[in-house]
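1. Okay, sequence plus prediction incoming.
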Amino acid sequence: MALKLRRLSYALGAEVCDIDVSKPMGEAQFGEIYRAFLQYGILLFRNQDITREEHIDFSRRFGELDRHDSLPRDRRADHPELLMVTNEPNADGTPSDTRYTGRQWHSDMSFTTVPSLGSLLRCFAVPEVGGDTLFANMDAAYDALSDGMKKLIAGLHGIQLSGTRKIANEESGVVRAAEQRRLNPPVAQPIVRVHPETGRKALYIGEKVKRFDGMTEEESKPLIDYLVRHATRPDFVYRHQWRKDDILAWDNRCTMHQALGDFDETQLRHMERTTILGTPSGYVVANG
């Protein structure tokens, strides 16, 4: 049976209809799903009432999973393949370390030298309204640049920093930022990456980029701000309104995303993410 798809937006994304990802799936069927993943950048699977083990097993079809050693506080102790994105308080009553995860425009694990191929985020609980996620098509953003701008940025490398997100507790935030700098020293990534499977060029920028290698922050900021603003124009963006048991799979090599904080934070927003390891990219920068 042919794969049934429904476009999510003009910019990118498609819903895969009538699929239960916990059921056995042959190579031919998964091959159709993976081709759609490469074509649309984002795939939505609705009504996936599955176990954590089934989430992990399906994710492994896309490639080897990250065990999140670079983010040890954020992963589940019993399933290190799962990264928590939740505002549920910790067992001791302190605020969750991951309540503000993803609030910047970014591509997953861009601050490492093995940035993510893709991510599969499952929704367990969502607020009554808000808490959406925005996604940007970085292929289209690159294609829309002038030839002059493409030439200007062709050799640039952006220095990506981990530990830049807001932490609920100010003191623990300082400790957390220092810990992340130890675990993840600054990494320079090319501003333009070539997708290893489609061959398309995409912008590789985001709000974790603080400067270009070989340039000061003051010199870099106007161009970084322009590229992020350009890439997040409405015609390049899809806004996902979450439902319980959604799984959203996205290609980090040609998209970036941002979680929105436009919701009542007394209401639970709980997500869990698997991360697919990508190909090596970038280099560690001394004194970044």
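-> Here it is on my side, so go on. Numbering: from 1, shown residues only.

2. From here on, just use CA atoms for contacts and neighbour counts.
-> Fine.

3. Kindly indicate whether the nearest residue to residue 219 once chain neighbours are set aside is helix, strand or coil.
-> Closest residue in space to residue 219, ignoring its immediate chain neighbours: residue 211 at 7.9 Å, by Cα to Cα, 6 or more residues apart in numbering. At residue 211 the chain is in strand, as set by DSSP: H, G, I helix; E, B strand; the rest coil.

4. Contact partners for residue 211?
-> Residue 211 makes contact with 158-159, 217, 219-221, 224 under the criterion Cα atoms under 8 Å, 6 or more residues apart in numbering.

5. Assumed residue 235 was part of a helix.
-> Yes - under three-state DSSP, residue 235 falls within a helix.

6. and the spatially closest residue to it that is not a sequence neighbour, how many neighbours does it have?
-> Excluding the flanking residues, the one nearest residue 235 by Cα to Cα, 6+ apart is residue 11, at 6.1 Å. For residue 11, the count of nearby residues is 18 (other Cα atoms under 10 Å).

7. which stretches of the protein have low pLDDT?
-> 1, 163-183, 288 (pLDDT under 70).

8. Nearest the geometric middle of it, what residue?
-> When Cα atoms, centre = their mean is applied to the chain, the residue found nearest the centroid is residue 108 (3.8 Å).

9. And for it, nearest residue in space, chain neighbours not counted?
-> Distances taken as Cα to Cα, 6+ apart put residue 116 closest to residue 108, at 5.8 Å, once the chain neighbours are dropped.

10. Spit out the contact partners of the nearest residue to residue 201 once chain neighbours are set aside.
-> Spatial nearest neighbour of residue 201, excluding adjacent residues (Cα to Cα, 6+ apart): residue 194 at 4.5 Å. Going by Cα under 8 Å, 6+ apart, residue 194 touches 200-202.

11. Just the buried residues of those residues.
-> 201-202 (16 or more other Cα atoms under 10 Å).

12. Looks to me like residue 229 is in a helix.
-> Yes - assigned with three-state DSSP, residue 229 falls within a helix.

13. Quick one: residues contacting residue 64.
-> By Cα under 8 Å, 6+ apart, the residues touching residue 64 are 276-277.

14. ok, 10 Å please
-> Going by Cα atoms under 10 Å, 6 or more residues apart in numbering, residue 64 touches 117, 275-278.

15. Among these, find me the one that's closest to residue 143.
-> Nearest to residue 143, judged by Cα to Cα, of these is residue 117 at 20.8 Å.
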